[in-house]
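**Student:** A predicted structure for the sequence below; I have some questions about it.
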Amino acid sequence: MQEQSGANGEAEAARPQPRIVSSESLLQGARELIIRHGSEDYRLRLTRVGKLILNK
């Protein structure tokens, strides 16, 4: 990946990479789980064909 140059010609600081978490470690054998974000709950579901769906 190339560094971006700012308007002043200096390289912008690289952003930290996001953490990677496997769906297997989140679900731990279950087909769905609830993720609480603040006061809201979100449902993460594993479909029969192996896709993930996130619903509020």
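**Tutor:** Received it, and whenever you're ready, just let me know what you need.

**Student:** what about the helices in the chain?
**Tutor:** 23-27 (DSSP state H).

**Student:** low pLDDT regions in the chain?
**Tutor:** 1-12 (pLDDT under 70).

**Student:** tell me where this structure has strands.
**Tutor:** Taking DSSP state E as the criterion, the chain contains strands spanning 32-37, 40-46, 52-55.

**Student:** between those strands, which one is nearest to residue 23?
**Tutor:** Residue 23 sits nearest to strand 52-55 of all these, at 6.2 Å, using CB to CB. Yep, even glycine has a C-beta here, placed from its N, CA and C like the rest.

**Student:** and that closest one, which strands flank it?
**Tutor:** Looking at strand 52-55 with DSSP bridges, its partner strands are strand 40-46 (antiparallel).

**Student:** and the partner strand with strand 32-37, angle?
**Tutor:** 150 degrees (axes from the mean of the first three to the mean of the last three CA atoms, to 10 degrees).

**Student:** in strand 40-46, what counts as buried?
**Tutor:** 44, 46 (16 or more other CB atoms under 10 Å).

**Student:** send the alpha carbons of that strand over as CSV?
**Tutor:** The C-alpha trace of strand 40-46 is given here as CSV (Å, rounded to 0.1, in the frame of the first residue of the first chain):
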residue,chain,number,x,y,z
GLU,A,40,-29.2,-1.1,21.0
ASP,A,41,-29.2,-4.8,20.3
TYR,A,42,-28.2,-6.3,16.9
ARG,A,43,-28.7,-9.9,15.8
LEU,A,44,-25.9,-11.6,13.9
ARG,A,45,-27.2,-14.7,12.2
LEU,A,46,-25.5,-17.5,10.2
